[in-house]
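Student: structure for the following, please:
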Amino acid sequence: MSGRKDFLSQPAPENYVAGLGRGATGFTTRSDLGPAREGPSEDQIKEALAKRAAQLGNAPPTAYGVGKKKGEDEADDGRFEDAENEEGLFATGNYDREDDEADRIYQAVDERMDKRRKARREARERTEQETYERNNPKIQQQFADLKRALGTVSDEDWASIPEVGDLTGKNRRNKQNDRQRFYAVPDSVLAGARDTGQLGTEIQDEGMATEAPNGSADQADGTMTNFADIGAARNRVMQVRLDAAAQSQTTGTDSVAGTSTNIDPKGYLTSLGKSELRAGETNLGDIKRARVLLESVIKRNPRHGPGWIAAARLEEYAGKVQAAQNVIRRGAEMCPKSEDVWLEAIRLSQAHGNNHNAKVLAAKAIEHNDRSVKIWIEAMRLEQVPTAMKRVLRKALDHIPQSVAIWKEAVNLEEDPNDAKLLLAKATEIIPLSVELWLALARLETPDQAQVVLNKARKAVPASYEIWIAAGRLQEQIGQTQMVFKVMERGIKQLARESAMLKREDWITQAEICEEEGAPLTCQAIVKETLGWGLDEDDDRKQIWVDDAKASINRGRYETARAIYAYAIRVFYNRKSVWLAAAELERQHGIKQALWDLLGEAVKSCPTSEVLWMQLAREKWQAGEVDEARRVLGMAFQQNPGNEDIWLAAVKLEADNGETEKARALLAEARSEAGTDRVWIKSVGFERQIQKDSDAVLTLVNEGLHVYPKAAKLWMMKGQTYEARNALPQAREAYNTGTRACPQSVPLWLLASRLEERMGVLVKARSILDRARLAVPKNPELWTESVRLEYRAKNMPAAQQKMAQALQECPTSGLVWSERIWHLEARTQRKPRILEAIQKADNDPILFVTAARIFWGERKLDKAASWFQKAAILDPDYGDTWAWWYTFLVQHGTEEKRAEVVASCVANEPKHGEYWARTRKAPENAGLGVEEVLRLVAKELV
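Tutor: Sure thing, here's the model as predicted:
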């Protein structure tokens, strides 16, 4: 054998790394609980190889980059990779005013471009979101129809569904193993079997003899548990505890167990409880851990003030006030220049009744921080006598004469206005750039002297908009109306020169503040001079200003909105929409005379706008000035000859005032001057109101159909006139001819179908509705009428079939869903169906009313009222909503709420609705107001 030892028993060479030659520097397997030991880094490998080569006397290896050095031309250029890095070329550059101006200009350009693209960007994002939701529906939506189909599965079908078998055989093996296990029978089972049938004579705790185990249903040996008794007992215990808690809160006394002594909660024990309340509520372990962490912070950095403050508050939170004071005192010694530490020390002493110690701490704090405003003010507040407080503030002003806060506190302490003025005059001399001090001095002076003060302030602070607003309010206060606008004009020009102009929205905010503080003229002046700031002619200025006015109205600032509309009218004098918006503001929140003056000016600027003329005439007529209304309509005739709206407004005016012959003459003249189909329809309707189903009505309607054979309403009136005379064949002929002439008229198809149903020809009625759906596809009214026809005929399977087709054709129709919920669903299925319907057809007033009626039926009155209100807000023009709401309030509402709903309905003047339109347009209800129609519809709904 060789004398050389086995290498396995030899010590490893220095810096030997096992597996390094084959690259095994550390790995992780799936069986490991964590990563394997990390191998040596690249630098360690280089160092080891270099050291090994030096020991062997060889040249350093270069395989791993050992010995390579960066050349001079390989310098680290990483600092040039960041475009925002200014350590190189621009390291010595200064940020001057021109740079600031350039940044502001670029920022303004960016804001402008973003504002111009905002509407298109939001529309595009909204479209993309809707497309994504439509192309990627939720799983719940995909399986909604399958969930609904599960409602038709019977109990037999459910029972016939096979159970999932055990394909692995695991359960079978477990059962076989259970069969092989054996258990010893306990002695209690044997004893129970022995005692079966014996009579027990033991006495229970309540003094009752136990019965045999098989003697009754309620056994006393614990084998049968009465959960009802247990629940009742638990409820009684809970009730007793709640009563005790309520009594202790109401009477303020707690009874001590074992004595008859009552403890006052304001007494000694209560104060102890308060001091230990937080400590009792908080885990002591948490407090200890926090204390250890904060002590570590303090020891590591004893000059760190927030650490001392946190440690003191922790002790205070734990109820150890003295320890908290000791900690913060040490903190003040270690951080004498930290005003926060001194303020915390003062607070702790003052909060726990040691005011003298707080003053001592304040004096020490001032010695170390004589320039701290907060400490001086806190020291002043520690004093109780005004003279001492003034003395502290005077010392503070000796040390910090430039502090505005200290000057304000000193002025507030002065009871004599003259002394306050002297202080403010001195303060403005020392601090001429403080706008607050200048304004405070101006408020204390007389109006003449206040003007002098404001002039000095304007020269000292030329970029302050507050001074110019105060100057305008001063002129308004002394009654100089014109000077208010002149002062604001000069101020805006000065601020523009100083580049100190606010944004347009900020100026509107300042105007609203002036209105709130009782300066409407200053508010108007601000709006007049600044509303167009920052807007170009290519911007949609009209819409922007209208939106600003509406926002001010929503905030209750009507004078600001009125000033915005006035400015918009001056710019867009001939735009009808601006005049209408301003008129609506005056109608809702103004006075009648202002509304008349505004509309009078509006018809002068837009003489061809029949809407403005008719609004002016209506306002005059509603105020009782019928002659003035006639005069307005006469002027409208001169400006708009042949306008059908003005003719019909004149007819309505005369008809509502009982001048039937004048109205009829006006209609005859209108048919010759402006013989439109609408004029003919109004003429026939007016004659039906007067003469109902007379021959004159038929003659007039035939004349109208001769001129306008495509007028669907004329065909409907003709058929209804024949129905009123009980001439059903002639009515059928009129409807059939009308549907051929006007195949797109849905009401005409409905009248024809209902006539056939009335005559008992259901087949013909179905045929008419089928032809109507072909002529007008995807129409909810036609599908709903088809469903109603079937269930009125007691043909429920056909009704269900029609409803399924209707939901496929019109899945977002609230009318179709409502019809299904009320007539084709069981009562227990109505709430799930209304939820599904609202998800499918969002923002539909018919569905909201349906939901309210469902809650009404379940006696959930608050929810029902809430849903009625939502429906009325969503579509105030839908009259059926107001009728259902009023019917609900008649049964479950107060008189005030009913009056409020009626007033809102009258203000909105609804015109649509299935019941509402039928009642409102009935000839016998002609001339009735909105309130009378509301009561009639509500009576019909009941």
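Student: pretty sure residue 526 is in contact with residue 465, am I right?
Tutor: No: contact criterion Cβ atoms under 8 Å: residue 526 and residue 465 do not qualify, at 9.4 Å. C-beta coordinates here come from the backbone N, C-alpha and C atoms, glycine included.
Student: joint contacts of these two?
Tutor: Common neighbours of residue 526 and residue 465, counting by Cβ atoms under 8 Å, 6 or more residues apart in numbering, are residue 510.
Student: quick one, which of the two is more surrounded?
Tutor: Using other Cβ atoms under 10 Å, the more surrounded residue of residue 526 and residue 465 is residue 526, with 31 against 22.
Student: which residue packs closest to the more buried one, ignoring adjacent ones?
Tutor: Using Cβ to Cβ, 6 or more residues apart in numbering and skipping the chain neighbours, the partner closest in space to residue 526 is residue 511 (4.3 Å).
Student: can you name every helix or strand that the host helix or strand of the one you found contacts?
Tutor: In the assignment (DSSP states H and E), residue 511 maps to helix 504-516. Where contact means 3 or more Cβ pairs under 8 Å, 6 or more residues apart in numbering; DSSP states H and E, helix 504-516 is packed against helix 465-477, helix 520-530, helix 541-554, helix 558-571.
Student: compile these into a markdown table and extend it with columns for mean pLDDT.
Tutor: Below are these laid out as a markdown table (pLDDT from 0 to 100):
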| stretch | mean pLDDT |
| --- | --- |
| helix 465-477 | 90 |
| helix 520-530 | 91 |
| helix 541-554 | 91 |
| helix 558-571 | 92 |
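Student: out of these, which gets nearest to residue 326?
Tutor: When these are compared by Cβ to Cβ, helix 465-477 sits nearest residue 326, at 47.9 Å.
Student: which other residues reach the closest one?
Tutor: Helix 465-477 is contacted from outside by 435, 438-439, 442, 447, 450-451, 454, 457-458, 461, 483-484, 487-488, 490-492, 494-495, 500, 502, 510, 514, 519, 521-522, 525-526, using Cβ under 8 Å, 6+ apart.
Student: report the buried residues of that helix.
Tutor: Buried positions in helix 465-477, judged by neighbour count with 16 or more other Cβ atoms under 10 Å: 465, 467-476.
Student: go on, stretch 740-753?
Tutor: Buried residues in stretch 740-753, counted by 16+ other Cβ under 10 Å: 741-742, 745-746, 748-753.
Student: just those residues now: which is nearest residue 136?
Tutor: Taking the buried residues of stretch 740-753 together and measuring to residue 136 by Cβ to Cβ, the closest member is residue 746, at 35.6 Å.
Student: who's in contact with the closest residue to that closest one other than its chain neighbours?
Tutor: For residue 746, ignoring the flanking residues on the chain, the nearest one in space by Cβ to Cβ, 6+ apart is residue 781 at 5.4 Å. Residues counted as contacts of residue 781 (Cβ under 8 Å, 6+ apart) are 746, 750, 815.
Student: repeat that with 10 Å
Tutor: Counting by Cβ atoms under 10 Å, 6 or more residues apart in numbering, residue 781 makes contact with 746-747, 749-750, 772, 810, 813, 815-816, 914.
Student: CSV please, covering these and showing distance to residue 639, pLDDT and secondary structure.
Tutor: Below are the contacts of residue 781 laid out as CSV (distance: Cβ to Cβ, whole Å; pLDDT from 0 to 100; DSSP: H, G, I helix; E, B strand; the rest coil):
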residue, distance to residue 639, pLDDT, secondary structure
746, 37, 93, helix
747, 35, 93, helix
749, 41, 94, helix
750, 41, 94, helix
772, 43, 94, helix
810, 45, 92, coil
813, 44, 92, coil
815, 43, 93, helix
816, 47, 93, helix
914, 39, 90, helix
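Student: as CSV, these with distance to residue 530 would be great.
Tutor: Output for the contacts of residue 781, formatted as CSV (distance: Cβ to Cβ, whole Å):
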residue, distance to residue 530
746, 52
747, 53
749, 58
750, 57
772, 59
810, 51
813, 49
815, 50
816, 53
914, 51
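Student: right, and out of those residues, which lies closest to residue 326?
Tutor: Distances from residue 326 to the contacts of residue 781, taken as Cβ to Cβ, are shortest for residue 813 (76.2 Å).
Student: the closest one contacts residue 807, doesn't it?
Tutor: Yes: Residue 813 sits in contact with residue 807 when judged by Cβ atoms under 10 Å, with a separation of 8.4 Å.
Student: what residues are shared contacts of these two?
Tutor: Listed as contacting both residue 813 and residue 807 by Cβ under 10 Å, 6+ apart are 783, 837, 840.
Student: about what we covered before: so between residue 813 and residue 807, which is more surrounded?
Tutor: More crowded of residue 813 and residue 807, by other Cβ under 10 Å: residue 813, with 24 against 18.
Student: could you find the closest non-adjacent residue to the more buried one?
Tutor: Leaving aside its sequence neighbours, residue 813 sits nearest to residue 780 (Cβ to Cβ, 6+ apart; 3.7 Å).
Student: circling back to that earlier point, can you flag which of the shared contacts of residue 813 and residue 807 belong to strands?
Tutor: With strands taken from DSSP state E, there is no overlap with the shared contacts of residue 813 and residue 807.
Student: among the residues you listed, which lie within helices?
Tutor: Counting by DSSP state H, the shared contacts of residue 813 and residue 807 place 783, 837, 840 in helices.
Student: dump these into TSV; add pLDDT, neighbour count and distance to residue 626 as well.
Tutor: Output for these, formatted as TSV (pLDDT from 0 to 100; neighbours: other Cβ atoms under 10 Å; distance: Cβ to Cβ, whole Å):
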residue	pLDDT	neighbour count	distance to residue 626
783	94	25	47
837	89	25	49
840	86	17	51
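Student: which one of those is nearest residue 594?
Tutor: The shortest approach to residue 594 among these belongs to residue 837, at 46.0 Å (Cβ to Cβ).
Student: who are the contact partners of the closest residue to that closest one other than its chain neighbours?
Tutor: Excluding the flanking residues, the one nearest residue 837 by Cβ to Cβ, 6+ apart is residue 817, at 3.8 Å. Contact analysis of residue 817 by Cβ under 10 Å, 6+ apart lists 780, 803, 806-807, 810-811, 833-834, 836-838, 840-841, 844, 846-847, 850.
Student: return the set of buried residues in whatever helix or strand residue 817 lives in.
Tutor: Assigned by DSSP H and E, residue 817 belongs to helix 814-823. Of all the residues in helix 814-823, those buried under the rule 16+ other Cβ under 10 Å are 814-821.
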